[in-house]
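Chemist: Test case, fold it:
(2 chains, ligands or ions: 1)
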Amino acid sequence: MNKQQLLLIGHGMVGQRFLEALVARDGLSRFDVTVLCGESRPAYDRVGLTRYFTERDADALSLTPSGFMEAHGITLKLDTRVSGIDRQARTVTTETGERLGYDRLVLATGSYPFVPPIDGNDRAGCFVYRTLEDLDAIIQAAEGARVGAVIGGGLLGLEAAKALHDLGLETHVVEFAPRLMAVQVDEMGGALLREKIEALGVTVHAGTGTQAITDGEQHRHRMVFGDRHLETDVIIFSAGIRPQDTLARACELTVGERGGVMIDDHCVTSDPAIQAIGEVALWSERVFGLVAPGYQMAECAADHLCGQGESGFQGADMSTKLKLMGVDVASIGDAHGSTPGSRSAVFLDQSAGVYKKAVVSACGKKLLGAVLVGDASDYGDLLQLCLNSIDLPGDPAALVAPAGAGAPLLGADALPDSAQICSCNNVSKGALCQAIDAGCTSVADLKSDTRAATTCGGCATLVKQVLDSELAKRGLEVNNHLCEHFAYSRQALYHLVRVEGIDSFDALLERYGEGDGCDLCKPTVASIFASCWNQYVLTPELAGLQDTNDYFLANMQRDGTYSVVPRVPGGEITPDKLITIGQVAKKYDLYTKITGGQRVDLFGARVDQLPAIWSELVAAGFESGHAYGKAMRTVKSCVGSTWCRYGVQDSVAMAIRLEERYRGLRSPHKIKLGVSGCTRECAEAQSKDIGVIATEKGWNLYVCGNGGMRPRHAELFASDLDDDQLLRTIDRFLMFYIRTADRLQRTSVWRESLEGGLEYLREVILDDSLGLADELEAQMAHIVDTYQCEWKTTLQDEEKLKRFRHFINDATPDNELAYVREREQRRPAYPHERIELVES
Amino acid sequence: MSETIIDKPASRQGTVDTWQPVCRLEEIVPETGVGVRLAQRQVALFRTRDDRLFALDNHDPFSHANVLARGLLGSVAGRRVVASPLYKQHFCLETGECIEDAEVRLQVFPVRLAGDRVEIAASPVRHG
Ligand SMILES: Cc1cc2nc3c(=O)[nH]c(=O)nc-3n(C[C@H](O)[C@H](O)[C@H](O)COP(=O)(O)OP(=O)(O)OC[C@H]3O[C@@H](n4cnc5c(N)ncnc54)[C@H](O)[C@@H]3O)c2cc1C
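Modeler: Next up, the predicted model:
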């Protein structure tokens, strides 16, 4: 069979996707393909165009894999603009007069920027923003220019404004409508967006029509707005786009009233031999100015040509989320509430710069649209609710409540299989379920199998939720057994220990476990015992369960020596104590470093030196800092009202009080606290497990924050507490965490895995919904009452001190330690340095 | 109790020459280890909860630190192991084999209890 001739006019984003779709369907065995590309380079990422200003690397934007055309035998003609189509003869003519015949023709000519009919709009120094050439011209014009103006305050206009701003120009945005991004965002959102953008140094002239552009006096141009004007050196028009349908009109294909080549569900135009895809196409009276719908059309057009998948184009969602000049903006569905009877729930926090609106159906059950400015983190959830018409889980107002105040919007179970979970890689819930059926049992498996959550990672939590709920459905309960010796979760073991009053590992192992135990269950059980009974950790029954850090009450470092951290409650320390620390460090030549938690860490203590170091520290009034334990570590504070002119409460006193209350408390993982004396938050309390921030009336309590590898902002848990309320709430919170968390689960992760979220936690802790409050408080009281400094106790016990030696049969220390001095202190030698040191 | 050789699997060969006393049994807390200095090398000596004794290199091949005596004892799939306190690899107490990396194997030394004295033979057992 002879191959048919297929001509593609336009090699933009959608054109290239069409070629790839054709290749994927083996379309090249049916068609000889020739591509006529009006630009001087093959398809590139127009969506990422603005990156060119900073990167200046056109190749980095290319969407055409090198060798793609050659490999598939596709002919690509660059710099080739088509000037006419002869539908009778089935030929096209290029601007250079070349004629090419076709059996099938595909139009992918995109859009052109609309330039309003203003006098002077064609002056040199006026630009549009669509192609790499446009950008080159703008870059050139910006050299030596001082002021730039963008006509049009829509999505693209703001992107162009950012570019001018980045080029160092004083930047203005002139918008005819009364607000920015009028298509996607409503009035209040637009106002907030304007505020934010002006704060970045861009001047916005809204409700301003440009009547003419003339010669300027100080600058190249003068933009005339009635009786006002603005002088500028560079002008960019960004007043919307129009389908590039000139060719179609000239050959009398059916086009829409306002432009666009009319297509059916298979992207076929009024001529069955011709298809149109991308921004040039008009489907169901609409053009789509985004790339994703264009990609779908490309797939549908290829399906049709290859006689496959007859479902066709079904329209596309125009929801968008983007970052404009660092400001998150998102618009979903019916953002303006134009559906009859719809109602809106709105949240505005001007000082935080957050605006959220949810448009809900008349019955209050469905989400129709949303606008988010300043914080678009709920975009994914809201989009799912809207696209899948899911019944709203509760009060519509909860949809826009400030971050963290409400329960998670959606559970994975509520989503239909068609729900798109990962938008970067277009992975649906159904695709995840399939992968789970095929044997995936972890998020890592799903990532490598489906590519979900591998690009921006924003959907990782949702992916995990889908995994857990699907595994549970298949009866493959997510195994949370502690280890091979205990077929129980930490939470279950904790419960057994408490209820049955078990205080020895052997007893627990005998009743509920098997084998000998291991390095996972032993420290966990030791920690549970400590949380429940608070016995001295080095009793003979407990010693063998402790990790080396707990066993020697210090932190093992990479060469097997330890670091020492005395407690400095709240980070407040007298000069005398500071001097003592310095003297001890000097005497034992300990490397000294200030920690993030406002402590001094002394490194390089040999195991045999620890008792001597500690007896000096204890004599000077120091206590163990528990830096070695999975325990309450530090309470960091700012100086607060004691000195600071802004402080509204004595944050240091509160920090000391908290630290002395919870010192020595052992828990599933380390716990850090912070106390700030005012909302300036200098103690960074919102990155702590427990954050306390002073208010005029008392204290705001934040919970479950984390810094480190996976930062998480703590969430506001309760407001304006007095001192006693604060302590009581923290008592309950900590004990509830200790009781229910998994092994090595920080409060942040625990919180995320808690079904019912923060609301549930509030019910348990503040409203005592489980009737646990008294017990939790009593338990904490027991811990507080039985506190002892582990180092003090150890120093008083000759038997225990015998353990602090490197060799049982020789009093000498480890003879293979080697150090290098660097910046006037010592550090362990690296292996390559050791060889030299040992040899010399 | 006279001389008892504790834990002597059939696979063990090699010459057991000079037994060296290192400490009394009661000096080792059950289910923990202690470091021992032999003439040429450092050994980690362990006493399990059922009073069996094991001796292996104290040197941790992954961290290059002499710390294995301070590791936690446990079992993995029925084999008694010690976990490195630094990077948590597990070493079989009987063979010295690293569970996570079959290429790595520690030296194992014969241990025995003579009365209440623990003795170690200075030359390592070779596993074929
Ligand atoms: C700065 C910028 C930012 C954007 N940001 C986003 C975004 O964040 N998200 C999003 O979804 N979309 C965004 N878009 C829109 C997106 O780029 C378009 O939706 C997409 O490029 C449309 O693809 P297309 O192939 O239909 O058109 P194009 O990519 O414009 O390709 C059309 C091609 O056809 C060629 N052509 C036209 N006429 C002829 C002719 N007669 N002969 C030969 N060739 C011809 C043109 O030269 C062009 O190369 C952005 C666009 C711009 C300019």
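Chemist: Tell me how far whichever residue of chain B sits closest to the ligand lies from chain A.
Modeler: Of all residues in chain B, B:Tyr87 sits closest to the ligand, at 44.9 Å by C-beta to the nearest ligand atom. No exception for glycine: its C-beta is placed from N, CA and C like everyone else's. Here B:Tyr87 is placed at a distance of 9 Å from chain A (C-beta to the nearest C-beta, to the nearest Å).
Chemist: contacts for stretch A:44-64?
Modeler: The contact list for stretch A:44-64 (C-beta atoms under 8 Å, 6 or more residues apart in numbering or on different chains) reads A:11-13, A:16, A:41-43, A:129-132, A:135, A:139, A:159-160, A:162-163, A:166-167, A:291.
Chemist: ok so, going back, phi and psi next, for the residue of chain B closest to the ligand.
Modeler: phi -110, psi 10 (degrees, to the nearest 10).
Chemist: Can you tell me which of the contacts of stretch A:44-64 are classed as buried?
Modeler: With burial judged by 16 or more other C-beta atoms under 10 Å in any protein chain shown, the buried subset of the contacts of stretch A:44-64 is A:11-13, A:16, A:41-43, A:129-132, A:135, A:159-160, A:162-163, A:167, A:291.
Chemist: Take those residues and keep only those in helices.
Modeler: Secondary structure from DSSP state H places A:13, A:16, A:132, A:135, A:159-160, A:162-163, A:291 of the buried ones among the contacts of stretch A:44-64 in helices.
Chemist: Mind putting those into a markdown table with distance to the ligand and pLDDT?
Modeler: Formatted as a markdown table, these follow (distance: C-beta to the nearest ligand atom, whole Å; pLDDT from 0 to 100):
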| residue | distance to the ligand | pLDDT |
| --- | --- | --- |
| A:Met13 | 4 | 94 |
| A:Gln16 | 8 | 95 |
| A:Leu132 | 10 | 95 |
| A:Leu135 | 9 | 95 |
| A:Glu159 | 5 | 90 |
| A:Ala160 | 7 | 93 |
| A:Lys162 | 10 | 89 |
| A:Ala163 | 9 | 90 |
| A:Val291 | 4 | 86 |
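Chemist: who touches stretch A:483-496?
Modeler: Contacts for stretch A:483-496 (C-beta under 8 Å, 6+ apart): A:480-482, A:502, A:508-509, A:511-518, A:520-521, A:524-525, A:528, A:531-532, A:668, A:738-743, B:74-77.
Chemist: redo that, cut-off 7 Å
Modeler: A:480-482, A:502, A:509, A:512-515, A:517-518, A:520-521, A:524-525, A:528, A:668, A:739-740, A:742-743 (C-beta atoms under 7 Å, 6 or more residues apart in numbering or on different chains).
Chemist: repeat for stretch A:280-295
Modeler: So stretch A:280-295 is contacted by A:13-14, A:17, A:47, A:107-111, A:241, A:243-245, A:256, A:260-263, A:267, A:277-279, A:297, A:313, A:315-316, A:318, A:320 (C-beta under 7 Å, 6+ apart).
Chemist: can you pull the contacts of residue 21?
Modeler: Chain wasn't specified; assuming chain A. Per C-beta under 7 Å, 6+ apart, neighbours of A:Ala21: A:298-299, A:302.
Chemist: ah, I was thinking of chain B
Modeler: B:117, B:119.
Chemist: same thing but at 8 Å, please
Modeler: B:Pro21 touches B:114, B:117-119, counting by C-beta under 8 Å, 6+ apart.
Chemist: Pull out the buried members of those.
Modeler: B:118-119.
Chemist: Which one of the contacts of B:Pro21 is nearest to A:Phe804?
Modeler: B:Val118 (19.8 Å; C-beta to C-beta).
Chemist: Just grab the bridge partners of the closest one for me.
Modeler: B:Cys23, B:Leu113 (DSSP bridges).
Chemist: could you dump the contacts of B:Pro21 to TSV with pLDDT?
Modeler: Compiled in TSV, the contacts of B:Pro21 are given as follows (pLDDT from 0 to 100):
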residue	pLDDT
B:Ala114	91
B:Arg117	94
B:Val118	96
B:Glu119	95
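Chemist: Quick check: the residue of chain A nearest the ligand.
Modeler: For chain A, C-beta to the nearest ligand atom, closest residue to the ligand: A:Gly12, 1.7 Å.
Chemist: For the nearest residue to that residue once chain neighbours are set aside, which residues are in contact?
Modeler: With C-beta to C-beta, 6 or more residues apart in numbering or on different chains as the criterion, A:Gly12 has its nearest non-adjacent residue at 4.8 Å, and that residue is A:Gly110. A:Gly110 makes contact with A:10, A:12, A:14, A:243-244, A:278-280, according to C-beta under 8 Å, 6+ apart.
Chemist: Fine by me, thanks again.
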